[in-house]
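> no sequence for this one, just the structure:
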């Protein structure tokens, strides 16, 4: 995917969650939290555990952005 100025402007702009998007955002957040809790409970405390939880957070934030940026 080519990156251009309009895409950068969109990616780095503040995007408020619209009322019709709230349920989707909350579903993603709830699922991510559940997955992170499962990782925390079933893996030893170590760098890999920290990385796994960080990646779950990243995935949640990117999914949130896909919702608020309307897939752009």
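All right, it came through fine. Just so it is clear, the structure is predicted and the values come from calculations on it, not from any experiment.

> Please enumerate the helices of this protein.
5-11, 22-42, 47-68 (DSSP state H).

> Check what pLDDT residue 41 gets.
Note on residue 41: pLDDT of 98.

> will you turn the helices of the chain into CSV that also has mean neighbour count?
Where you see a C-beta, it was placed from the backbone N, CA and C, and this is true even at glycine. Output for these, formatted as CSV (neighbours: other C-beta atoms under 10 Å):
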stretch, mean neighbour count
helix 5-11, 10
helix 22-42, 13
helix 47-68, 14
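
> comparing the ones you listed, which gets the lowest mean pLDDT score?
helix 5-11 (a mean of 86).

> Identify the residue nearest residue 29 in space, chain neighbours excluded?
Using C-beta to C-beta, 6 or more residues apart in numbering and skipping residues adjacent in sequence, the residue nearest residue 29 is residue 60, 6.2 Å away.

> my guess is the one you found meets residue 26, correct?
No: counting by C-beta atoms under 8 Å, residue 60 stays clear of residue 26, with 11.2 Å between them.

> contacting residues around residue 64?
Residue 64 is in contact with 25, 28-29, counting by C-beta atoms under 8 Å, 6 or more residues apart in numbering.

> Please determine how far it is located from residue 58.
Applying C-beta to C-beta, to the nearest Å, the value for residue 64 to residue 58 is 11 Å.

> My read is that residue 59 contacts residue 32, right?
Yes: applying C-beta under 8 Å, one finds residue 59 in contact with residue 32, separated by 6.7 Å.
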